[in-house]
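**Q** I need the structure of the sequence given here:
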Amino acid sequence: MVSLLLTTMLLGAIAGSQSFALNTPIASKQCTSLEMSTDGDFDSSALKIMVNGMPGPMATAAAEACLRKGLSLSPIAMTGPEIEPCTITVVDTVTDKSASLRLIPATDEGRDEIVSSLAGLREASGEKNILAIDYTHPSAVNANGVFYAENKLPFVMGTTGGDRDQLMSDMESRGAFAVIAPNMGKQIVAMQAGLEDLANKFPSAFAGYKLEVTESHQKTKADTSGTAKAVIGSLKKLSDDSFDLEKDIEMLRDDESSLAFGVSEDALKGHAFHTYTLTSPDGSVQFQLKHNVSGRTVYAEGTADAVKFLASKFHSGMDGKVFSMIDVLQAGALQ
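**A** Next up, the predicted model:
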């Protein structure tokens with residue numbers, strides 16, 4: 001039995017046993033920044049970022065990352081329709097920066113209040129200085145996207161799920177400014193891009209190999225991982241496997257299964273552990289791709305970088321466009 005771990009960035013003549021894995025520790029909260037080429041002159045400190053989806057943990061982590069990277073939060077944000085209006089304080093423990101803001105439920109009345117507040121925010125902070133980040137719920141993705149587009153509010157969509165084809169169609173027809181991606185972790189996005197390039201250059205290189213996928217997330221994650229779907233798309237092109245996205249992914253959403261899969265106990269409430277395995281028809285050769293992320297910091301900081309990137313495009317005077325995280329990566333380098 002020859003067992004190999006597939007690297008998506010470099011695949012050549014691999015001999016012997018090699019390994020590649022992306023593991024991000026939960027304790028790491030170091031601030032990284034993206035030096036980007038700007039298309040328009042603007043002061044990022046003047047931006048007001050409306051982070052929608054708080055008090056959910058991913059939205060809260062994104063808001064903290066915005067503070068950590070020198071961005072200001074909008075004094076209002078959208079929350080779930082079942083949550084009563086309230087005021088919360090977001091605190092970034094790395095920099096000790098904080099901001100208080102009012103959460104408004106995404107009801108018809110609440111959306112009217114947000115639209116009214118947007119006018120005041122734009123008058124006070126500048127017409128092009130209000131942007132949004134969305135970490136709400138898969139069921140709200142399409143309606144929220146249309147709401148942002150119709151109110152000329154550039155947004156970063158970190159929420160997965162919904163009808164993605166319809167979302168893209170709605171945004172393009174409305175000339176919206178957005179960054180939409182299934183994963184905001186810059187290093188993981190780079191891995192995905194490398195794998196996609198590999199699949200395009202060497203389609204069917206693994207013809208006949210069987211694909212198996214196991215992914216573990218916190219039990220509050222409502223949908224299948226968008227990252228898994230993207231990676232599987234490339235692996236299917238490489239292997240010609242008839243893998244069914246709806247039936248064949250082994251999704252782990254309970255603590256016992258996640259622990260057995262290697263997730264540490266302190267990461268159970270926030271993690272993304274994925275293993276993809278390609279096995280030859282006779283079982284003698286196996287390739288495996290693995291990326292394990294504990295915590296939400298890598299996604300939150302990527303989201304903050306994405307909103308800065310989007311602001312630069314919005315200020316440039318260009319027509320509206322939907323960008324991906326690959327566009328964000330190509331605009332500069334991590335420091």
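**Q** remind me which residues of this protein are low pLDDT?
**A** Residue ranges of the chain with pLDDT under 70: 1-41, 333-335.
**Q** And the helices in it, which stretches?
**A** For the chain, applying DSSP state H gives helices covering 57-68, 108-125, 141-150, 164-173, 186-201, 226-239, 255-260, 297-315, 325-330.
**Q** Output the ones you listed as a markdown table; include the columns distance to K290.
**A** The C-beta positions use only the backbone N, C-alpha and C, and glycine is treated the same way. Listed next are these as a markdown table, based on distance: least, Cβ to Cβ, whole Å:
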| stretch | distance to K290 |
| --- | --- |
| helix 57-68 | 22 |
| helix 108-125 | 41 |
| helix 141-150 | 28 |
| helix 164-173 | 25 |
| helix 186-201 | 11 |
| helix 226-239 | 11 |
| helix 255-260 | 15 |
| helix 297-315 | 16 |
| helix 325-330 | 20 |
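**Q** Out of these, the one nearest V94 is which?
**A** Of all those, it is helix 57-68 that lies closest to V94, at 5.5 Å by Cβ to Cβ.
**Q** quick one: contacts of that closest one?
**A** For helix 57-68, contacts defined as Cβ atoms under 8 Å, 6 or more residues apart in numbering pick out 31, 49, 51-54, 72-73, 90-95, 97-99, 133, 135-136, 158, 269-270, 296-297, 299-301, 303-304, 307.
**Q** Recalculate using a threshold of 7 Å.
**A** Contact with helix 57-68 is made by 31, 49, 51-54, 73, 90, 92, 94-95, 97, 99, 133, 135, 158, 270, 296-297, 299-301, 303-304, as judged by Cβ atoms under 7 Å, 6 or more residues apart in numbering.
**Q** List only buried entries from those residues.
**A** Buried by 16 or more other Cβ atoms under 10 Å: 49, 51-54, 73, 90, 92, 97, 99, 133, 135, 158, 270, 296-297, 299-301, 303-304, out of the contacts of helix 57-68.
**Q** ok so, going back, which of the helices of the chain sits closest to D282?
**A** Among the helices of the chain, the nearest to D282 by Cβ to Cβ is helix 226-239 (14.9 Å).
**Q** Which neighbouring elements make contact with the closest one?
**A** Judged by 3 or more Cβ pairs under 7 Å, 6 or more residues apart in numbering; DSSP states H and E, helix 226-239 is in contact with helix 186-201, strand 210-217, strand 271-279.
**Q** which residues touch D92?
**A** E64, L67, R68.
**Q** P154: which of those is nearest?
**A** When the contacts of D92 are compared against P154 (criterion: Cβ to Cβ), the nearest one is L67, at 19.3 Å.
**Q** From S100, how far out is the closest one?
**A** Applying Cβ to Cβ, to the nearest Å, the value for L67 to S100 is 12 Å.
**Q** more crowded one of those two?
**A** L67 (21 against 11; other Cβ atoms under 10 Å).
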